[in-house]
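K.L.:
only the shape, not the letters, is given here:
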C-alpha cells in the first residue's frame, strides 16, 4: 500500500487563536499556551503512533519533543502568571514559545482519530460544554494537598483535552505550597483496549519514584470509563490514585465513590455573566450587562428574553426548548453541566418581533477567536461577542437559499452559485494541513447505516426507514478518498442543514453558524457535497459549483457518503422527539435526500 503524505504548518493551525489573543490578559495567554501544548503533544503522538517518516528519512523526534517541552514550560509560566496578578502578564509575554514548524510526513496510515484532533484542536469542556473558571483550579490542588500532607512524590496526569488545561495550574499551586518531588504530563486516551498515548514519560517517572501519589485530571466524568482506562494503563505500584475535575476530587476513578471535595466550578467574583442570568428573575441583570457592553448600541425599551429551541427541533420536533442549565428542575441531576450551548436565546420587542439572537459559541479565547474568524468570512456589523455568546441583530426578510435556487433563472442561479463558491474558497484558505489521501473514518463504518436507522426510528417511530440508495451511499464510507485534500476546521457537522444557508433582501447569500468550536476537520469536496445534498442541487449545478471552486466533480462525488452521514447525524442530533408533522417533514426530507443522492452518484 502506498504511503500517505501529510504536510502541516503549525503557525496556520494556531493562527485564529494568536490573532484573537489579548497580550495583556493572562487568561488569554494561559489558554493559548495550553492550546500550543495540545498541538505539539498530539503531533508527537501522531508521529510516534504511525511510525512517520519526514522528508524520506526516519523521523528524529528531537525537534518535536523539544517543541513540546518548550510548550510545557510556556504553560507553566503562564499558569504562574495567572495565579499572580495581571502585572505578571508582562513577564510571560516575551517567553520563548515553540517556533513555528512546517513538516512533511509520510506513513502507511495516520490514525483518523488523532488526525482529527490535530486538525480541529478541540475546545476543553471548561470553556464549552461544562463551564468552569480556570482561576479557581488552584483551590482544588490545595484542597487535595490538605488531604495528603506527607512528602511523597506527586504525578499530575492531564487527560487530553480537558485535563491539559488543569494540570499546569495544579502544578503551579502545589509547587508554591510544598517542596516534594513532582511532575506533570498529558496523555491522550484512545479506544477501548488501546493504551494511552503519551504515557511513556509517566511510566518512566513512576519507576524512579515508586509509591508516588497520582492525580488524574480531566473534565467532569460521565461514566468514568476513560479515567478507569488511564488508571489501568499506569501498571505501576502507586502510593495512591486520585481523580479531579473542576470543583471535584475523588479518591478513586469516579463514579466508584463520591467526591471527597466539592465546590462550585465558578468564581463568585465573576457572577453576572450572560449565561448566569438565564432564569426570569435574572433577566433584568442580563439586559443591563448587554446594555453596558454596548456592542449592539442602545437597547430598545421593554425587551423580553426567551429561550428558543434548535432549528431542527422547530422543523421536526415539538418546538420544545431545553431548560436553562441552572433551572431548579435540574437540581437533582448528579452530573449537572453548566452548558449554555443547548439554550439559544432571542430578545423580542413588546409586539413579539425578534430583535436579536444569542448563540453560545465558547468562552474565553476559543469563543473570541471563532467569532473573529466568522466575522472575517461573513462580516456582520450588527454582531458582537460577550460572555461566550455571539449576539446578532435579527435579519428581516431572509429566504431559504434552497427555495431561491429552486426558483431561480439560469443567470440568477449562476450568480448565487458564484457567491457560494466565493464563501467556500474563503473558508478553505489557507489550509494548515494537506493530505495526499484520506483514510476511512475510524470505527465500524459498515454499521453507519444501521446506527442511523436505529436512531431515526427511536426519535420518529418505526415507519421511517433509510431508502436503499442512502444505505448504499453510506456503505461506501470505507473507501479512502482521493487527494490531495486540504484540511481545515469547520462547523459542518453541526451546521450543514439547508436552513444554515439563506438569502437576504439584497439577494446576497448568507451562511450562518460558521463558528467551528463544535465541528471537526473538513475539506472542500466534503463541504460542496454536503451543500449539494442539503440544497438539493442537480448534478449540473453541483458540477458547476465544483468548477467554480476549482474542484474535480469526481472528488465531490467521492465525498458524498461522508457528507450524507454528517448531514443525517446533524438533523437527528437537534431533535428531541419527532412530532406527527415533524415525522412527515423528516420523511419528505429523506425522500429528497434519496433522490438527490441517486442523481449525484449516477452522473
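P.N.:
That came through fine. From a predicted model like this one, the values you see are computed outputs, not experimental measurements.

K.L.:
next SSE after the least confident helix or strand in the chain by mean pLDDT?
P.N.:
Of all helical and strand segments in the chain, the minimum by mean pLDDT, DSSP states H and E falls on helix 89-93, at a mean of 44. Going down the chain from helix 89-93, the next helix or strand is strand 102-107, by DSSP states H and E.

K.L.:
name every strand pairing with that next one and say which way it goes.
P.N.:
strand 4-9 (antiparallel), strand 53-54 (antiparallel) (DSSP bridges).

K.L.:
tell me the buried residues in it?
P.N.:
The neighbour-count check on strand 102-107 (16 or more other C-beta atoms under 10 Å) flags 103, 105, 106, 107 as buried. Every residue, glycine included, has its C-beta placed from N, CA and C.

K.L.:
low-confidence ranges in this structure?
P.N.:
1-2, 54-60, 85-97, 192-194, 439-446 (pLDDT under 70).

K.L.:
how is it divided into domains?
P.N.:
Per automatic domain parsing, the structural domains of the chain span 1-122, 125-266, 272-393, 410-602.

K.L.:
any idea which of those gets closest to residue 399?
P.N.:
Proximity to residue 399, assessed across those by C-beta to C-beta, is greatest for domain 410-602 (4.7 Å).

K.L.:
mind putting the strands paired with strand 102-107 into JSON lines with mean neighbour count and distance to residue 392?
P.N.:
Below are the strands paired with strand 102-107 laid out as JSON lines (neighbours: other C-beta atoms under 10 Å; distance: least, C-beta to C-beta, whole Å):
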{"stretch": "strand 4-9", "mean neighbour count": "20", "distance to residue 392": "32"}
{"stretch": "strand 53-54", "mean neighbour count": "16", "distance to residue 392": "45"}
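
K.L.:
using TSV, lay out those together with distance to residue 158.
P.N.:
Output for the strands paired with strand 102-107, formatted as TSV (distance: least, C-beta to C-beta, whole Å):
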stretch	distance to residue 158
strand 4-9	23
strand 53-54	27
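
K.L.:
which stretch among those comes nearest residue 291?
P.N.:
Among the strands paired with strand 102-107, if distance is taken as C-beta to C-beta, the winner is strand 4-9, at 42.4 Å.

K.L.:
and that closest one, how far from the chain's centre?
P.N.:
22 Å (C-alpha atoms, centre = their mean, to the nearest Å).

K.L.:
what lies in contact with that strand?
P.N.:
Here strand 4-9 makes contact (C-beta atoms under 8 Å, 6 or more residues apart in numbering) with 43, 52, 100-110, 118, 432-437, 439, 484.

K.L.:
what subset of those residues is buried?
P.N.:
Judged by 16+ other C-beta under 10 Å, buried ones among the contacts of strand 4-9: 43, 52, 103, 105-107, 110, 118, 432-435, 439.

K.L.:
so how many other residues sit close to the closest residue to residue 545 other than its chain neighbours?
P.N.:
In space, and not counting its chain neighbours, residue 545 is closest to residue 417: 5.1 Å by C-beta to C-beta, 6 or more residues apart in numbering. As a burial measure, residue 417 scores 22 neighbours (other C-beta atoms under 10 Å).

K.L.:
from residue 35, how far off is residue 417?
P.N.:
According to C-beta to C-beta, to the nearest Å, residue 417 and residue 35 sit 36 Å apart.

K.L.:
repeat for residue 355
P.N.:
35 Å.

K.L.:
pick out whichever of those two has more residues nearby.
P.N.:
Neighbour totals were compared for residue 355 and residue 35, and residue 35 leads with 26 against 15 (other C-beta under 10 Å).

K.L.:
so that one sits against residue 13, correct?
P.N.:
No: counting by C-beta atoms under 8 Å, residue 35 sits too far from residue 13 to count as a contact (9.4 Å).

K.L.:
quick check: neighbours shared by these two?
P.N.:
Joint contacts of residue 35 and residue 13 (C-beta under 8 Å, 6+ apart) are residue 121.

K.L.:
for residue 518, which three-state class applies?
P.N.:
What DSSP: H, G, I helix; E, B strand; the rest coil gives for residue 518 is coil.

K.L.:
before we move on, the earlier item: tell me the one of the buried ones among the contacts of strand 4-9 nearest residue 335?
P.N.:
residue 118 (29.0 Å).

K.L.:
who touches stretch 252-262?
P.N.:
By C-beta under 8 Å, 6+ apart, stretch 252-262 touches 140, 143-144, 147, 216, 221, 223-224, 227-228, 230-231, 241-243, 247-251.

K.L.:
now do the end-to-end distance for that stretch.
P.N.:
15 Å (C-alpha to C-alpha, to the nearest Å).

K.L.:
got the contact list for residue 211?
P.N.:
Contacts of residue 211 by C-beta under 8 Å, 6+ apart are 152, 153, 237, 238, 239.

K.L.:
buried among those? Make that a ChimeraX selection.
P.N.:
One line in ChimeraX is enough to select the buried ones among these; burial here means 16+ other C-beta under 10 Å:
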select :152,153,238,239
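
K.L.:
relative to residue 496, which of the contacts of residue 211 is nearest.
P.N.:
Nearest member of those to residue 496, counting by C-beta to C-beta, is residue 238, at 45.7 Å.

K.L.:
which residue comes closest to that closest one once chain neighbours are left out?
P.N.:
Closest to residue 238 by C-beta to C-beta, 6+ apart is residue 214, at 5.4 Å.

K.L.:
ok, now which ones touch the one you found?
P.N.:
By C-beta under 8 Å, 6+ apart, the contact set of residue 214 is 154, 155, 157, 206, 234, 238, 239, 240, 241, 242.

K.L.:
in the sheet, who's paired with the closest residue in space to residue 434 that isn't next to it in sequence?
P.N.:
Closest residue in space to residue 434, ignoring its immediate chain neighbours: residue 7 at 4.5 Å, by C-beta to C-beta, 6+ apart. For residue 7, the beta-bridge assignment (DSSP bridges) gives partners residue 104, residue 434.
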